[in-house]
Structures are given as C-alpha cells and as structure tokens.
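J.: based on what follows, work out the 3D shape:
(one chain, ligands or ions: 2)
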Amino acid sequence: MTGNGLSTPLANASLATVLQNLQNSASQEFHSANPIPAAVNHSLSFMAHERDAVFMAEWICVGRSDEIAETGDYLVHEISSVPVLVVRQESGGLNAFVNACAHRFACLVPNESGKAKRFTCRYHAWTYDLAGRLVRAPYMEMKDGFDTSEHGLRRLHCEIWEGFVYVSLAEKPATSVTSALEPLRENVVGRFDMACYKTIMRRSMVWGANWKNLIENFTESYHVPMAHKKTFALHKKPLEDYVCGEDSDYYGYHRAVQEAETGSGAAHLDNKRLEGEWRRMMVDFCVFPSHLVTLMPDFLWYISVQPEGIGKFRATWGVAIPPEILADIPQSEFETWLAELSTYMDTANDEDKTLVEALYQGSASPLLPTGTFHPIERNLWQFVRYLNRVCQRHVVKSP
Ligand code: FES
Ligand SMILES: [Fe+2]
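T.: Ligands and ions are numbered 1, 2, ... in the order given. Predicted coordinates:
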C-alpha cells in the first residue's frame, strides 16, 4: 500500500509471477545476479505464501536463554500472528507453547516477560503448571467425563543454540537448529561462546517496510561507512577487509577485523576464549529466515524480524555483553553506561530506519532499473536463494 492507502501495482502481482521472478533471480550466478525482485517485497499473494512456507515452517529466534534463566521465568513472542509462550522448566529445560488457553483460546499470558509458578487464564481461571498441564478448571466437574489431562496447552518445538532460543510452529521441523548451524558454530562463531554473554537489553520497534528489507540491510556492511557515521563507522573496518562466508542453505555471514587491538570492539585481556585476529573480529550473520546477529569480542546485538503486514514489520532486538566486560563496569556507573549504550543503539537504528523504509518505497513500482550487487553483498544473494528454495518447496508440497 502507498501512503495514501492506494494499492500499488506490485501488490497485485500473482503468486505464480513472483515465484517465477524469484526462481529467475536465484538461478543467477552471484557476479551477474540482480537484487531481490521488487514484487517479492510487495505482492500480497506472495506474502500469504511466504507466511506458510517460511514462518509456519522454519525456526524463529524468540530471544536468549539467559533472559529466562530460572524456573518459572517466561517470555512471550509472536510468530506469524501465533502468540508464543516460552517457559523455563523445573528440569532446567525450556518448553514452548501456543500462548492461548485450552478452554476457548483467550490469550493466556499478556505480559512480555515475567516469572510464574502457574499460569491462570483471566477469563474463567483455568490454571496450568509450567509444563502446560491443566491443573485447575473451576466448575468443570459439572461436565460429565471432563478430563483435565486432555486439555493442556499446545506444545511447540523449541531448541537452544549458542544461547539463542528458537521456536518452530511446524508439526515436524525439517531439521534441528543445532545440526543445521553446526558448520557456522564450528568454523566461525563457536569460539566466541555467545551463550556466556549476558543479555542486558530487550526492545522492539515497528518500521514501515517489508520484513525482508531489514534482512537485506543487515546482511551487508557496504552501507556502514556511508550510513552509520555516528555509530558503527567509527570502528573503522575498511570495506576491502570484509570477507563473505561460505554458501549455506541455513545461514549467511560476513566478517572483518578492526584495526584496534584493544578498546571498543576488541577482546578484554581476561577473554581467554579468542585468539589471534579473532580477538578483534566482527561477525555479522543471519540465521535464515529472520535472525540477525552482530557478534564482537565485547558485544552482541541480535534482531528477530516479524512481518506485521506487507509494508510493516516488528523487529525485536537485544544486546548481550561478555561477563569480563561487565565485570569492569563499577556498579555505581552501570545505569549511566547502560543509558549511553541505549542511546548509541537508538542512533544506529535511526540511521538504518530511513534507509530500510527507502528500500520499500523505492521498489514499490514495476518501473525499475536492473540493479546489481556489490561483492560484499553476497549474503543477500544467498538469502534470495534460501527464500526461493523454501517457497518453491512449499508449492510442491501444496495440494
Ligand atoms: S478462555 Fe481461558 S479459561 Fe476460558
Ligand atoms: Fe545498518
């Protein structure tokens, strides 16, 4: 839709046309590839297909494990309009549920996060334990044959990988997160031990663009020197030093070393996990489809992107910091340090927001030049190939 509420020509592009565009794009070699076809970010038919092929089927990051570290800690999220509840169990594991009461499906937990011993629905007070079992259903003894064991919460698949929590709405996910991401862990990010980073911030923001525009933006650092003059460009990593990772069906990444051996962006002296140039390495990666991470020896920023319409998305993001960095911040200065970091992140997000929204606005018409990629935009091409693969697969599966 345009700002005046009128439907754009690409909004009406048929699913068959968009899938063909996507197939054509994904078939090109990287050197001669064109950017993601505009209709992929504007077609309403494709959005519906994508919802089923991507968000109802794939692993979606909902946050970090340390955000819900103790028994009864919980967080809520939304995946493709399905409200999701993730709860730390007495066993130490995590269970994920559809956040809807098993009586008449009222949203069970309205808070974004918290701690609970039981979950009681606000409507008729059905009460569930942390494992999602119905333990109380007032007056239901008036119904012959009612059995509480048949009315628990609907479970979802949930997995933890390197400190991140993933949930899948699929009946049977095609792969496990751990096995899909093992090469990324083993060759690149495992040495950082992201799970030991402590999450200190969790926010969400709504922008006026297609969700994939943010994936496009985050997976390339070509724009950093020009667009992030007040923030990330200050770390001074020459574009020539960026290296794109190997092609994968499940993730894409690029990395670069920064000049300074110490200070912001480099490993703390007490960090014994990283060696050599990895002590000043930044890795930007995307776990397909929608989990974005900037990983540094002293800082981690993650985003989980959710569509909220064709030209609107919600980005839930958080920041996590390694323990040795946090230990250096005096307690009395922590709030000030946190406020400064928060301002820095807001500035960086503002720098991106107008550009991500410009991608959506500029690509709204069918009248466009052919476009091309810079060599360090290889991850965008990988993302197009991923999207094509899962969307074509869903066509084959559909009756
Ligand atoms: S809808 Fe939850 S108890 Fe009735
Ligand atoms: Fe950016």
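J.: who in the stretch 1-150 of the chain is up against ligand 1?
T.: 101, 103-104, 106, 121, 123-124, 126 (C-beta under 6 Å from any ligand atom). Where C-beta positions appear, they are placed from N, C-alpha and C, glycine not excepted.
J.: so residue 393, which state does it fall into?
T.: With DSSP: H, G, I helix; E, B strand; the rest coil as the basis, residue 393 sits in helix.
J.: quick one: contacts for it?
T.: residue 53 (C-beta atoms under 8 Å, 6 or more residues apart in numbering).
J.: do the same with residue 234
T.: No contacts exist for residue 234 under C-beta under 8 Å, 6+ apart.
J.: which residue is nearest the middle of the protein?
T.: Nearest to the geometric centre of the chain sits residue 304, at 2.2 Å (C-alpha atoms, centre = their mean).
J.: that one falls within a strand, correct?
T.: Yes: with three-state DSSP as the criterion, residue 304 is part of a strand.
J.: list the residues that contact it.
T.: Residue 304 neighbours (C-beta under 8 Å, 6+ apart): 60-63, 77, 290-292, 315-317.
J.: distance-wise, check it relative to ligand 1.
T.: 27 Å (C-beta to the nearest ligand atom, to the nearest Å).
J.: picking that back up, just the buried subset of the residues of the stretch 1-150 of the chain next to ligand 1, please.
T.: 101, 103, 121, 126 (16 or more other C-beta atoms under 10 Å).
J.: residue 186: which of the residues you listed is nearest?
T.: residue 101 (42.1 Å; C-beta to C-beta).
J.: what residues sit buried inside stretch 8-24?
T.: Those would be 8, 10-11, 13, 15, 17-19, 21-22, for stretch 8-24 by 16+ other C-beta under 10 Å.
J.: burial of residue 62, as a residue count?
T.: Residues within reach of residue 62, counting by other C-beta atoms under 10 Å, total 26.
J.: got it, and residue 331?
T.: So residue 331, with other C-beta under 10 Å, has 6 neighbours.
J.: and the gap between it and ligand 1?
T.: 43 Å.
J.: do you know the pLDDT at residue 162?
T.: We have a pLDDT of 98 for residue 162.
J.: do residue 241 as well
T.: Looking at residue 241, its pLDDT reads 88.
J.: where does the closest residue to it other than its chain neighbours sit: helix, strand or coil?
T.: Nearest residue to residue 241 in three dimensions, chain neighbours excluded: residue 256, at 4.9 Å (C-beta to C-beta, 6 or more residues apart in numbering). Put simply, residue 256 is strand when judged by three-state DSSP.
J.: swap in residue 105?
T.: Residue 105 ends up coil, using three-state DSSP.
J.: look at residue 178 and say how many residues are nearby.
T.: The tally of other residues near residue 178 (other C-beta under 10 Å) stands at 13.
J.: residue 172 versus that one, what's the distance?
T.: Shown here: residue 178 relative to residue 172, a distance of 16 Å by C-beta to C-beta, to the nearest Å.
J.: same deal with residue 355?
T.: Distance, residue 355 to residue 172, using C-beta to C-beta: 39 Å.
J.: ok, those two, which is more surrounded?
T.: Between residue 355 and residue 172, counting by other C-beta under 10 Å, residue 355 is the more crowded of the two (15 against 7).
J.: if we can go back for a sec, out of the buried residues of stretch 8-24, list just those in helices.
T.: Those of the buried residues of stretch 8-24 mapping onto helices are 15, 17-19, 21-22, per DSSP state H.
J.: make sure residue 241 is actually in contact with residue 254.
T.: No: with contact defined as C-beta atoms under 8 Å, residue 241 does not reach residue 254; the gap is 10.4 Å.
J.: between these two, point out the one with more neighbours.
T.: residue 254 (21 against 12).
J.: can you show me the helices along the stretch 251-399 of the chain?
T.: Secondary structure of the stretch 251-399 of the chain by DSSP state H, counting those that start in this stretch: the helices cover 323-327, 334-362, 378-397.
J.: out of those helices, which gets nearest to ligand 1?
T.: For the helices of the stretch 251-399 of the chain, the distance to ligand 1 is smallest for helix 378-397, at 32.4 Å, taking C-beta to the nearest ligand atom.
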